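Enquirer: 3D, please:
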Amino acid sequence: MNQRSTDLRRLKRFERKEAVPTTWRVLKAHFSWWDRIRLLFHSFRRAVLHDPMRKANLGSPKSEQEKLSRRQFRPVPILEDVLKFDLKCEPNKIERILGEIVAESGARFLAWNFPPVSAEEWQNKSDFQRMELGEKALSAFFNAETEDVSTDSASFAFKVHRCRFVELAQAIERPHLSSLFCQADSRFFQDPTNPYELQRPEMLASGDASCKFHILFQESR
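Expert: Residues are numbered from 1 along each chain as shown. Sure thing, here's the model as predicted:
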């Protein structure tokens, strides 16, 4: 099995086991059963007839990473339109629901792919092993192109110079959606059960030239 089919199978498995149930739990907390049925109907209708990404004439994906990034991003503007135009939700409710779904689903995607190692385990690995773990984790994030990857006994650092989620949000003229995906990072790294602390002084979604990630491994919090 080649890497392309492996990545797609893994993403589909994540969607089935994590993303869809997470989305449904959030929607169940905000809507009645009848409104959830309406939401499903309009989501399918808009995916077929009024897909915002299709309207933007993005052309064919130029790489497998771009194809998978579009797959991850596509449900968000569709759901935004359903909430806004079909269910007539208030703007603050739309922002809250989208934020909850993207942050929680994204945090679970990070948990699937980030190395589950303690601070002690990380410290005891060789430089080569730490770099290997870090690069393997980064390869699972199809939206990001990274550089300046470095590790030491207590941290892992890298710079994202290109984020396809930011590019897609700009391409469909909805730049506000890009920051939703940044919330997933915050949700994951702020979880007290994770032995990490995230420092991110610069963000593409905020207009900076890159996202700078510095991840510190901690014994406990």
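Enquirer: which residues touch Val82?
Expert: 39, 42-43, 46 (CB atoms under 8 Å, 6 or more residues apart in numbering). Yep, even glycine has a C-beta here, placed from its N, CA and C like the rest.
Enquirer: got these as CSV, with distance to Pro21 columns?
Expert: Formatted as CSV, the contacts of Val82 follow (distance: CB to CB, whole Å):
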residue, distance to Pro21
Leu39, 16
His42, 20
Ser43, 16
Arg46, 22
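Enquirer: ok, so of those residues, who is nearest Ser155?
Expert: Ser43 (41.0 Å; CB to CB).
Enquirer: out of the contacts of Val82, which sit inside strands?
Expert: Judged by DSSP state E, strands contain none of these.
Enquirer: tell me the phi and psi of Ser155?
Expert: phi -160, psi 170 (degrees, to the nearest 10).
Enquirer: the closest residue to it other than its chain neighbours sits in which helix or strand?
Expert: Among residues not flanking Ser155 along the chain, Leu216 sits closest, at 5.0 Å (CB to CB, 6 or more residues apart in numbering). Secondary structure from DSSP states H and E places Leu216 in strand 211-217.
Enquirer: same check on Ser69?
Expert: Going by DSSP H and E, Ser69 is in helix 64-73.
Enquirer: avg pLDDT for that helix?
Expert: Over the span of helix 64-73, the pLDDT mean works out to 96.
Enquirer: contacts for that helix, please.
Expert: 4, 7-8, 11, 53, 58, 61, 142-143, 164-165, 168-169.
Enquirer: model confidence over stretch 83-92, on average?
Expert: Mean predicted lDDT for stretch 83-92 stands at 98.
Enquirer: where does Arg36 land on pLDDT?
Expert: So Arg36 comes in at 98 (pLDDT).
Enquirer: mind listing what it touches?
Expert: 27-28.
Enquirer: I appreciate the help and will end here.
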